[in-house]
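Visitor: predicted coordinates and the sequence they were generated for:
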Amino acid sequence: MAMAPLKLAAAACAAAGHLAAALAPSQPESRSLAQASQENPAGNPRPADLADWSHGPLTVEASSLHHAEVRSLVGDYNLSIAAFGRWEDSLVSAELLAGNGWENGHVKELCRLYRESGAVGNFLDIGANIGTFAIPLADCLGDGGRVLAVEGMPPTADHLVAGILDSRLKNVDVYPYAVGAPGDPRRVTMSLNPVNKGGSAIKGNKPFTNMTDDQLQDLFHPGKKAQKYAQKVVVKEFSVPLTTGDHMLYHNPAMKAIVIAKVDIEGYEGKFIRGSKQLFTKYPPCFMTIELIPEWLERAGTPAQEILDQLTSWDYKDVPTLAALMKPNTNAKTRTVAQRDMAKCLQRVRSYASPQ
């Protein structure tokens, strides 16, 4: 069931007196993206109120939302994803608008794992981007669970929510936060990649986030003069709140019933791991797909070997070796690991899962 805003609870209390106040749900209030960015402390992460998008996006122009469709994995219908324009996002959005989908086999495999594991429990999407995983998997989960979609970049979150609303999905909670480790600042600067929105990152974690104007032009238009282009390449920056997996766990019981997690946050995967020790010690996702690029992890101060050792200590199997991650094939750096005692994990998920 979706969380009710506190203003509704307060109105009910005024009408029914102190008894109603005592019986009112103690769930945290939902907030809009803008409110969450300005008001919420990182230690109390709250899902955004999707109703705030009912009149359009909060950060970008409505004209930047380009309708793309992906096929449902469980029915004879299409789902909607709000893509960026091809010129703004030459990878994910361009493929979607061309009708090719994005990582179709990977999404299908996660849906299969969910269905074959009893079709109960929740999906955690850390780095949801515009929803290429969150939207079809919310449809796959149906009444069996919720999607907790974490996307800190405001323009990207606008596109994510637009797709959720267009697809009429009722089982998605959007967390407009970056995620990190204990001791990280409560707010961070995120840099929007001008040509690959999925490659946006926390400032400092990728070279493009610290480049001069001339360096940016050379990176995105190598060997050509900037003045030849009507629109100069600009990296937009946004200040966003940062939270941790353990703070999400503390404030949302749905985190105790994560059957599948996807973690893809452009080098901050290790930071998420460091900030989720309670989650992985007590309530580890039964399956987890995670991107592990040693260079990016090292730049964020979380060496890949540390992360691999930590996953092994949490009883995951199929954890790759560092040597395997160092091979040139980028696709090989995204791995799916699984709990060794799968029966125990699924039993725990079922015990904490709530019917929708």
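Guide: Received the coordinates, thanks.
Visitor: residue 86 sits in which helix or strand?
Guide: Under the assignment given by DSSP states H and E, residue 86 is not contained in any helix or strand.
Visitor: list the buried residues for the host helix or strand of residue 246?
Guide: Residue 246 is located in helix 245-251, with elements delineated by DSSP H and E. The neighbour-count check on helix 245-251 (16 or more other Cβ atoms under 10 Å) flags 245-249, 251 as buried. C-beta here means a position set from N, CA and C on the backbone, and glycine is covered the same way.
Visitor: span of stretch 131-150 from start to end?
Guide: 10 Å (Cα to Cα, to the nearest Å).
Visitor: any idea which of the buried residues of helix 245-251 the model trusts least?
Guide: Sorting those by pLDDT puts residue 251 at the bottom of the list (93).
Visitor: can the buried residues of helix 245-251 go into JSON lines with extra columns for distance to residue 217?
Guide: Converted to JSON lines, the buried residues of helix 245-251 look like this (distance: Cβ to Cβ, whole Å):
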{"residue": "245", "distance to residue 217": "38"}
{"residue": "246", "distance to residue 217": "41"}
{"residue": "247", "distance to residue 217": "40"}
{"residue": "248", "distance to residue 217": "39"}
{"residue": "249", "distance to residue 217": "43"}
{"residue": "251", "distance to residue 217": "44"}
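Visitor: and stretch 108-126, how far out from the chain's middle?
Guide: Relative to its parent chain, stretch 108-126 has a centroid offset of 16 Å by Cα atoms, centre = their mean, to the nearest Å.
Visitor: lowest-pLDDT helix or strand in this structure?
Guide: Ranking every helix and strand in the chain by mean pLDDT, DSSP states H and E puts helix 18-23 at the bottom, with a mean of 30.
Visitor: hang on, the earlier thing: now do the helix holding residue 246: which elements does it pack against?
Guide: In terms of contacts (3 or more Cβ pairs under 8 Å, 6 or more residues apart in numbering; DSSP states H and E), helix 245-251 is packed against helix 277-282.
Visitor: may I see the buried residues of the helix it packs on?
Guide: Taking 16+ other Cβ under 10 Å as the criterion, helix 277-282 shows 277, 279-280 as buried.
Visitor: what of stretch 137-148?
Guide: In stretch 137-148, counting by 16+ other Cβ under 10 Å, buried: 137-141, 144-148.
Visitor: with pLDDT, secondary structure and distance to residue 160 added, can I get the residues you listed in TSV?
Guide: Below are those laid out as TSV (pLDDT from 0 to 100; DSSP: H, G, I helix; E, B strand; the rest coil; distance: Cβ to Cβ, whole Å):
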residue	pLDDT	secondary structure	distance to residue 160
137	98	helix	13
138	98	helix	11
139	98	helix	14
140	98	helix	17
141	97	helix	16
144	90	helix	21
145	95	coil	18
146	97	coil	15
147	98	strand	11
148	98	strand	12
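Visitor: any idea which of these is closest to residue 120?
Guide: residue 144 (5.0 Å; Cβ to Cβ).
Visitor: can you pull the contacts of the closest one?
Guide: 114, 119-121, 353, 356 (Cβ atoms under 8 Å, 6 or more residues apart in numbering).
Visitor: just checking, what packs against the lengthiest strand in the chain?
Guide: The single longest strand within the chain, with elements called by DSSP state E, is strand 236-243. Helices and strands touching strand 236-243, by 3+ Cβ pairs under 8 Å, 6+ apart, are helix 33-39, helix 154-166, strand 178-179, strand 187-192.
Visitor: could I get the CA-only coordinates of that strand as PDB?
Guide: Extracted C-alpha coordinates of strand 236-243, given in PDB (Å, rounded to 0.1, in the frame of the first residue of the first chain):
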ATOM      1  CA  LYS A 236      25.000  20.700 -15.400                       C
ATOM      2  CA  GLU A 237      25.400  20.200 -11.700                       C
ATOM      3  CA  PHE A 238      22.800  19.500  -9.000                       C
ATOM      4  CA  SER A 239      23.100  19.400  -5.200                       C
ATOM      5  CA  VAL A 240      21.200  16.300  -4.000                       C
ATOM      6  CA  PRO A 241      20.700  14.700  -0.600                       C
ATOM      7  CA  LEU A 242      22.700  11.500   0.200                       C
ATOM      8  CA  THR A 243      21.600   8.600   2.300                       C
END
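Visitor: and residue 152, how many neighbours does it have?
Guide: 28 (other Cβ atoms under 10 Å).
Visitor: could you find the closest non-adjacent residue to it?
Guide: Spatially, and ignoring its direct neighbours in sequence, residue 152 is nearest to residue 178 (3.8 Å; Cβ to Cβ, 6 or more residues apart in numbering).
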